[in-house]
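> One predicted model, sequence on top.
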Amino acid sequence: MAVINERPVLIVGVERGTAILALSICLVLTIGISALTQSIAISTAAGFSIAAGLVLALFLLPRGQ
């Protein structure tokens with residue numbers, strides 16, 4: 001077997017799949033909160049706090065070598 005030395009594409013220091021998964025989770029949770037509260041202000045605040053939490057969690061993940 002041939003050795004393939006392709007490095008994964010990184011977005012904000014994490015692999016592309018992880019970043020897309022984090023973004024989709026943020027969107028789903030924000031849409032769910034906006035549907036439950038029916039308030040733009042609360043939905044916006046929740047979206048920003050969820051996004052900030054995900055960014056923090058992504059920076060805490062171990063980096064690939």
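Yes, it's here. Numbering: from 1, shown residues only.
> Now do the same contact list for the residue most central in space within the chain.
Most central in the chain under Cα atoms, centre = their mean is residue 22, positioned 2.2 Å from the mean C-alpha point. Counting by Cβ atoms under 8 Å, 6 or more residues apart in numbering, residue 22 touches 14, 54, 57-58. C-betas here are computed from N, CA, C, even on glycine.
> outside of stretch 23-38, which residues touch it?
In contact with stretch 23-38 (Cβ under 8 Å, 6+ apart) are residues 40, 42-43, 46-47, 50-51, 54.
> just for the protein, where's the confidence low?
1-4, 11-12, 63-65 (pLDDT under 70).
> Now do residue 10 against residue 43, distance only.
From residue 10 over to residue 43 the distance is 30 Å, taken as Cβ to Cβ, to the nearest Å.
> So if I had to pick from those two, which one is more boxed in?
Legend: neighbour count by other Cβ atoms under 10 Å for residue 10 and residue 43, higher for residue 43 (18 against 13).
> so where does that one fall, helix or strand?
Using DSSP states H and E, residue 43 sits in helix 40-60.
> Return the residues in contact with residue 18.
By Cβ under 8 Å, 6+ apart, the contact list for residue 18 reads 58, 61.
> Report the secondary structure state of it.
helix (DSSP: H, G, I helix; E, B strand; the rest coil).
> Show the buried residues in the contacts of residue 22.
Of all those considered here, the ones buried according to neighbour count by 16 or more other Cβ atoms under 10 Å are 14, 54.
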